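Chemist: sharing a model that was predicted from the sequence below.
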Amino acid sequence: MPATVFQIPAHAMMKMYGAAPLATVRNLIRTDSYEMIGTFPTELTGEAAAEDMFDLSNNPSRDEQRAAVWGPHRSLSVGDVVFDGAESWLCLPMGWTKV
């Protein structure tokens, strides 16, 4: 099942380190501020799919695969959302939470 990645606008990234990251995300979702960067192949679901997308975009040993499927987009980071077809997962400063 593929995973779709949505990246947070750069101006909002620092808000994710504040007291209410989920409120920030919900507001950004309501205002359609996220950018869908693409749908990427993964055999995983849930938090494991989100972690796979994080690894794909950040792991130097996967540079060749990243170049082939990720394209010119920045790496997955805090505030970004991964949708596995059933659930959405928010990247936090440490770990993930379902949104």
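Modeler: Ah, there it is.

Chemist: for the closest residue to V81 other than its chain neighbours, list the residues it contacts.
Modeler: With sequence-adjacent residues excluded and distances taken as CB to CB, 6 or more residues apart in numbering, V81 is closest to F6, at 4.4 Å. Every C-beta, even on glycine, is put in place using the N, C-alpha and C of the backbone. Shown in contact with F6 (CB atoms under 8 Å, 6 or more residues apart in numbering): 34-37, 80-83.

Chemist: you'd agree F6 is in a strand?
Modeler: Yes. Counting by DSSP: H, G, I helix; E, B strand; the rest coil, F6 is located in a strand.

Chemist: quick one: D55 from A23, how far?
Modeler: Relative to A23, D55 is positioned 28 Å away (criterion: CB to CB, to the nearest Å).

Chemist: who's more crowded, those two?
Modeler: The neighbour count for D55 versus A23, taken as other CB atoms under 10 Å, is higher for D55 (14 against 11).

Chemist: skipping adjacent residues, who's closest to that one in space?
Modeler: Going by CB to CB, 6+ apart, D55 has R62 as its nearest residue, at 6.8 Å.

Chemist: now do A3
Modeler: Closest to A3 by CB to CB, 6+ apart is A49, at 4.6 Å.

Chemist: average pLDDT across the helix or strand hosting the one you found?
Modeler: According to DSSP states H and E, A49 maps onto helix 46-58. In this model, helix 46-58 carries a mean pLDDT of 96.

Chemist: quick one: that helix to chain centroid distance?
Modeler: Distance of helix 46-58 from the chain centroid (CA atoms, centre = their mean, to the nearest Å) equals 8 Å.

Chemist: can you check stretch 54-64 too?
Modeler: Put simply, stretch 54-64 sits 14 Å off its chain's centre (CA atoms, centre = their mean).

Chemist: confirm S61 sits in a helix?
Modeler: Yes. Counting by three-state DSSP, S61 is found in a helix.

Chemist: count the residues that sit near it.
Modeler: Using other CB under 10 Å, S61 has 8 neighbouring residues.

Chemist: do the same with H73
Modeler: Residues contacting H73 under the criterion other CB under 10 Å number 13.

Chemist: contacting residues for it?
Modeler: Per CB under 8 Å, 6+ apart, neighbours of H73: 5, 7, 37-38, 57.
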